[in-house]
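In: Next input, structure requested:
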Amino acid sequence: NNFPKDEITILEIFQTYIDLNAQPNRLFFSALAKFCDTSSQEGLNQQEKLEELAGRTPESKNELLEYCGREGRNSTEIMWDFFAARPPLAVLITMMPKMSARYYSIASAPKYYTKFGLNGFGKDSYYVQYMKMFKTYQIELCIKLVKWKTTHGRIVEGNFSKNVKKLSPGDVVNMDIVEGLLANIPDDCPLIMICPGTGLAPCRAILQKRRMKKIQSVKKDLVFLDFRHPEKDYLFEHEWIDFNAIADINVTFSRDAQYSNTPYVQHVIKRRAKAVCDMIENGKARILICGRSNPMPKQVTDTLVQCL
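Out: From the prediction side, this is the model:
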């Protein structure tokens, strides 16, 4: 994220290094208030409002949460609302949120497709043979596009979601590969993988690796998957049958009446309590909880405690 040493244009700065879609903090409003044109009553009113939003009182914090947090307003929209604020360009660049990296778990084992083929390409196809010959491997990401409607009816999209929708085959994206927390798990270590939705990404990569190496832990891995609709978002549906040879796959659907008694992973875990306890107590299994940071992990942890 550091600015390059070579000269760049202002447009490049705002396109590449400034996150125009990020929600700014309290200091952003404080800075805007200092550069309001107060020569008119409208400017005075806007300055007063900005100072209120930048305040430290409980009332100010609640107002900022309502205006910016719940409504998902970004820096650009805020400056349109408070058009009387005219900070100098150098100050504006300093106070705007900087573009930060988005981290996603790799959802595949890189060499998996050279052995089992790629979707639409058999393992003996020219494309797969090309990957083998030149030792190039394909990795996959499993990304949820963030888009929601606020209480006031505004449609808000995540910054990366906006950009990833515009990508086409052949486009180049700047990226780094960073070693994750799961890199050092022994191949024969039994795992209980709890991964609703796109949280399945690292677990799918582990299962691909174990299937590729014909590895089965001392006890079959336990996998708990949770999707909304079996017809709409059952991610990688065709693969879970293949993984049944090395893992005990449990799938539920929260919006399907057929699964009304066990709509979420924690309900399925409770139903499989005996197997879960056996894996932990006798199999020395490790537990991986992957997915949303709130409230799912706490709900799952509470369920595991009840099972034990």
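In: helix, strand or coil for Gln46?
Out: Three-state call for Gln46 (DSSP: H, G, I helix; E, B strand; the rest coil): helix.
In: Tell me how far it lies from Ser60.
Out: From Gln46 across to Ser60, the span is 16 Å (C-beta to C-beta, to the nearest Å). Glycine gets a C-beta too; all of them are placed from N, C-alpha and C.
In: Settle it for me: which of the two has more neighbours?
Out: Remark: of Gln46 and Ser60, Gln46 carries more neighbours, 21 against 16, as counted by other C-beta atoms under 10 Å.
In: measure that one to Ala22 for me?
Out: Distance from Gln46 to Ala22, by C-beta to C-beta: 21 Å.
In: all strands for the chain, in order.
Out: 147-149, 155-157, 191-194, 221-227, 247-253, 286-289 (DSSP state E).
In: Using JSON lines, lay out the ones you listed together with mean pLDDT.
Out: Listed next are those as JSON lines, based on pLDDT from 0 to 100:
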{"stretch": "strand 147-149", "mean pLDDT": "83"}
{"stretch": "strand 155-157", "mean pLDDT": "83"}
{"stretch": "strand 191-194", "mean pLDDT": "93"}
{"stretch": "strand 221-227", "mean pLDDT": "93"}
{"stretch": "strand 247-253", "mean pLDDT": "92"}
{"stretch": "strand 286-289", "mean pLDDT": "91"}
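In: Can I get the ones you listed in TSV including mean neighbour count?
Out: TSV is the format used below for the strands of the chain (neighbours: other C-beta atoms under 10 Å):
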stretch	mean neighbour count
strand 147-149	11
strand 155-157	14
strand 191-194	25
strand 221-227	24
strand 247-253	20
strand 286-289	17
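In: I figured Ala101 hits Asp176, correct?
Out: Yes - the criterion here is C-beta atoms under 8 Å, and Ala101 meets it with Asp176 at 7.3 Å.
In: more crowded one of these two?
Out: Per other C-beta under 10 Å, whichever of Ala101 and Asp176 has more neighbours is Ala101, with 11 against 6.
In: related to what we said a few turns ago, okay, and the common contacts of Ala101 and Asp176?
Out: Applying C-beta atoms under 8 Å, 6 or more residues apart in numbering, one finds that no residue jointly contacts Ala101 and Asp176.
In: so how many other residues sit close to the residue nearest to Pro263 when sequence neighbours are not counted?
Out: Nearest non-adjacent residue to Pro263, counting by C-beta to C-beta, 6 or more residues apart in numbering: Ser254, 4.2 Å away. By other C-beta under 10 Å, 17 other residues sit near Ser254.
In: Contacts only, for Ser254.
Out: By C-beta under 8 Å, 6+ apart, the residues touching Ser254 are 226-228, 263-264.
In: If we use 7 Å, what do you get?
Out: 226, 228, 263-264 (C-beta atoms under 7 Å, 6 or more residues apart in numbering).
In: tell me the pLDDT at it?
Out: In this model, Ser254 is scored at 89, pLDDT.
In: Let me see the backbone angles for it.
Out: Backbone torsions of Ser254, given as degrees, to the nearest 10, read phi -70, psi -20.
In: which non-adjacent residue is nearest Arg26?
Out: Ala54 is the one closest to Arg26 (C-beta to C-beta, 6+ apart), at 5.2 Å.
In: Can you verify my assumption that that neighbour contacts Phe29?
Out: Yes - taking contacts as C-beta atoms under 7 Å, Ala54 lies within contact range of Phe29: 4.0 Å.
In: if you count what's nearby, which of those two comes out ahead?
Out: Phe29 (24 against 19).
In: picking up where we left off before, right, and the strands of the chain - which one's nearest Thr9?
Out: Checking those against Thr9 by C-beta to C-beta gives strand 155-157 as the closest, at 26.0 Å.
In: Show me what that closest one is packed against.
Out: The contact analysis (3 or more C-beta pairs under 7 Å, 6 or more residues apart in numbering; DSSP states H and E) places strand 155-157 against strand 147-149.
In: strand partners of the strand it packs on, parallel vs antiparallel please.
Out: Applying DSSP bridges, strand 147-149 is found paired with strand 155-157 (antiparallel).
In: now Asp256: how far from Phe224?
Out: 16 Å.
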